[in-house]
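Engineer: Mind folding the following:
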Amino acid sequence: MIVENVACNDKYPESLSVSSVFFYVLRRHIQSAMNMGPDSLSDPFLDERKGHGSENWSLICSKEAGRRFWVESKKLWRIAGPAIFSRLAMYGTIVVTQAFAGHLGELELAAISIATTVVVGFSFGFFLGMASALTTLCGQAYGAKQYHMLGVYMQRSCIILFVFAILLLPIYIFATPILKLLGQADDIAELTGSVSIWCIPQHFAFVFMFPIQRYLQSQLKNMVIAWIAAATLVLHIFLSWLFIIKLDMGLIGAAMTLNLAWWVPPIGQFFYISCGGCPQTWTGLSRQAFQDLWPFVKLSVSSGVMLCLESWYYRILILLTGHLPDAEVAVDSLSICMSVNGWEMMIPIGFLVATGVRVANELGSGNGKGAKFAVIVSASTSSAIGIVFWVLIVVFRHDLAQVFTSSTIIMDAVSKLSILLAFTILLNSVQPVLSGVAVGSGWQAYVAWINLGCYYVIGVPLGVLLGWVFSLSVLGIWSGMICGTAIQTLILAYITYRCDWERQVSDATGRVNTWSSEQPAQIISQESRTPGDEDGFRP
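Structural biologist: Next comes the predicted model:
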């Protein structure tokens, strides 16, 4: 039908090739996606008349697509790169502490590991999720050039997180009976409970660290976060040696060094902000931070639940594995796989942050097509990295455990689990990007229900069924939980694919207008620059 309509146009001869028609239609589509006028590029039909052929237009299209991809990639890596490095550095502080604690004894190592990964890990995941609400609000406000609201949003988040920090204190205070209730050995539970009390300062450090980080990331000030994280890691290594080894303070010294490590970033970042690092968005403490708290609480809790359900999913895998008949070998081999997965997950988490910021910035500035293109580039890049790691794990699956153990039994068990590890990493290269879309668009409450259904209604029961009923042990439990992740990823992918981005722009504009305390937000026209664009180009 398209060929007939075009052929009937007197402007073009009837002898046009099908490829010419294809490139003509393709040109119109790309022009629409890039907001280009119909005469922005030379007409391929007229080019063919002049002897240039459709190959010339194909070359133009590929170069333009490559340029767009490169420009968007630079924007994403500007956020993702420092975010990945920062997470690696802060994760490194826990590894360093565990390494020093390992010299104190097996009981001490188990206590500090459980305290940091289970007790502190719970509040870490929940507060990290709650603070991601700032990615939605600060990102969209920054895109809409409502700069004065970013500092207000950050202060509101700190107020809300502080209240929830007080409410979650019983987890630390009653860590010992909680761990005993979960089946932990009495000696480990007692020592872990003592360490958890000393870790309470970390708990309150999260209240300020995560909102400040999201505040800075939303306005593309990422390098300051990375530099402070690097300095913190170096300082932490020295203090761990000093407190644990030199001063012989044991586990109390380990907890104290972690407390300092988690307080250095928020103090350093706030010092940067208050000394003029964010002149457009920081005007000092404001009474507006105490206004409109209830809508902020609902969005923050939705964000916290959404990400907490994700972060705790594979910890349940280890908990279930501990109740298998061959628990010792199964837990050891699974722990090695989860350690590898944990280090690699820092990359997708970086893309989660970058996707959320880019989508929020573009939606706030009124550029729905730019948000859609950012999702495409981020998902493509993260998936490519995931495929590389998938290949590496499959190829080196027999040698993977040698870094962690010399036991041939555990190495054989890790080798069997490596295929599942490879597919977990492959899925995790896509799923966080889709979660980033949800964060940037403000879908947290909706996605929280999806996570609950896919992870805990489908994934966990299926894993229990395969692990115990079908006697597949840890392979069955992990396979079932991978199915839950795969279903969740497919649902989010479908939602993102079917997303009406212009409606998301309207929703973002309404959100900024509603929550802006001083002046109404304005929709930025398609011709204006996006905040952070170095060359003025907008996808």
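Engineer: where do the helices sit along the stretch 1-150 of the chain?
Structural biologist: 2-7, 18-33, 44-49, 54-101, 106-114, 120-131, 133-143, 148-167 (DSSP state H, counting those that start in this stretch).
Engineer: Kindly reformat those helices as TSV containing mean neighbour count, distance to residue 304 and mean pLDDT.
Structural biologist: The way it works is simple: take the backbone N, C-alpha and C, and place the C-beta from them, glycine included. As requested, those are arranged in TSV below (neighbours: other C-beta atoms under 10 Å; distance: least, C-beta to C-beta, whole Å; pLDDT from 0 to 100):
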stretch	mean neighbour count	distance to residue 304	mean pLDDT
helix 2-7	12	50	38
helix 18-33	16	35	45
helix 44-49	19	52	41
helix 54-101	18	18	81
helix 106-114	19	22	78
helix 120-131	23	4	88
helix 133-143	30	8	89
helix 148-167	21	8	93
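Engineer: okay, the ones you listed in a markdown table with distance to residue 332 next?
Structural biologist: Shown next, in a markdown table, are those (distance: least, C-beta to C-beta, whole Å):
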| stretch | distance to residue 332 |
| --- | --- |
| helix 2-7 | 62 |
| helix 18-33 | 51 |
| helix 44-49 | 62 |
| helix 54-101 | 16 |
| helix 106-114 | 13 |
| helix 120-131 | 20 |
| helix 133-143 | 37 |
| helix 148-167 | 34 |
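Engineer: Contact partners for the closest residue to residue 115 other than its chain neighbours?
Structural biologist: Nearest non-adjacent residue to residue 115, counting by C-beta to C-beta, 6 or more residues apart in numbering: residue 195, 4.3 Å away. Residue 195 is in contact with 111, 112, 115, 251, 254, 255, counting by C-beta atoms under 8 Å, 6 or more residues apart in numbering.
Engineer: would you list those in CSV and tack on distance to residue 305?
Structural biologist: What follows is those, written out as CSV (distance: C-beta to C-beta, whole Å):
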residue, distance to residue 305
111, 29
112, 28
115, 23
251, 32
254, 31
255, 28
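Engineer: just these now: which is nearest residue 447?
Structural biologist: Checking the contacts of residue 195 against residue 447 with C-beta to C-beta, the nearest one is residue 115 at 29.9 Å.
Engineer: Next, count neighbours for the closest one.
Structural biologist: Residue 115 is flanked by 30 other residues according to other C-beta atoms under 10 Å.
Engineer: So that it lines up with my notes, have the first residue be 36 from now on.
Structural biologist: Noted, 36 is the first residue going forward, which turns the last one into residue 150.
Engineer: who's in contact with residue 215?
Structural biologist: 221, 224.
Engineer: and what of residue 144?
Structural biologist: 133, 136, 137 are the contacts of residue 144 under C-beta under 8 Å, 6+ apart.
Engineer: how near is it to residue 134?
Structural biologist: To residue 134, residue 144 is 9 Å away according to C-beta to C-beta, to the nearest Å.
Engineer: With residue 305 instead?
Structural biologist: Taken as C-beta to C-beta, the span from residue 305 to residue 134 is 30 Å.
Engineer: Now the phi/psi pair for the residue nearest to residue 482 when sequence neighbours are not counted, please.
Structural biologist: Leaving aside its sequence neighbours, residue 482 sits nearest to residue 473 (C-beta to C-beta, 6+ apart; 4.4 Å). In terms of degrees, to the nearest 10, the main-chain angles of residue 473 are phi -60, psi -40.
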